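sequence-free structure coming up:
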């Protein structure tokens, strides 16, 4: 992101957690894995990747550690007050953080470039035919 660019901001529903990001998104993807379906109330989630060192977070969060279907050890962080899921991070890629698009103040920056884990999507899922689709995990973001 340019030095004079406006930072990307966001937070949870109750505003107890707020964040500011000083870099442009690396990639955004729609994810239909079963974990994201649980987080997304049955739908997919849209996740936007940023460099971890560009994200500044204020407020307390809880951390749910789990193993993703990809085999990655993940940390999913959420607000303990309102329960909104905000971030996910893989232990194998500590330089990256994925922000849930719904937590962004301006969700327009979260335009997905692909849909992943389509093999786990329910038959009624609305999957954008104009986006590349992957049956499982996408290659790692840069």
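Everything's here; your move. Since we're looking at a predicted model, the values are computed, not measured. Numbers count the residues shown, from 1 in each chain.

The worst-scoring helix or strand of the chain on mean pLDDT: what's the following helix or strand?
Scoring the helices and strands of the chain by mean pLDDT, DSSP states H and E places helix 34-39 at the bottom, with a mean of 92. Following helix 34-39 in sequence order, the next helix or strand is strand 45-51 (DSSP states H and E).

list the helices and strands that next one packs on?
With contacts defined as 3 or more Cβ pairs under 8 Å, 6 or more residues apart in numbering; DSSP states H and E, the packing partners of strand 45-51 are strand 27-31, helix 34-39, strand 96-100. Where you see a C-beta, it was placed from the backbone N, CA and C, and this is true even at glycine.

what helices or strands is the least confident helix or strand of the chain leaning on?
Counting contacts by 3+ Cβ pairs under 8 Å, 6+ apart, helix 34-39 packs against strand 45-51, strand 73-78.

Now that helix: buried residues?
35-37, 39 (16 or more other Cβ atoms under 10 Å).

Present the residues you listed as TSV; the columns should include distance to residue 100.
Below are the buried residues of helix 34-39 laid out as TSV (distance: Cβ to Cβ, whole Å):
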residue	distance to residue 100
35	12
36	9
37	13
39	8
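
Between these, which sits nearest residue 121?
Taking Cβ to Cβ as the measure, residue 121 lies nearest residue 37 of these, at 8.1 Å.

Run through the residues that contact the residue nearest to the spatial centre of the chain.
Nearest to the geometric centre of the chain sits residue 47, at 2.8 Å (Cα atoms, centre = their mean). Contacts for residue 47 (Cβ atoms under 8 Å, 6 or more residues apart in numbering) come out as 28-29, 31, 36, 88, 98-101.

Mind pulling up the pLDDT for it?
At residue 47, the model reports a pLDDT of 96.
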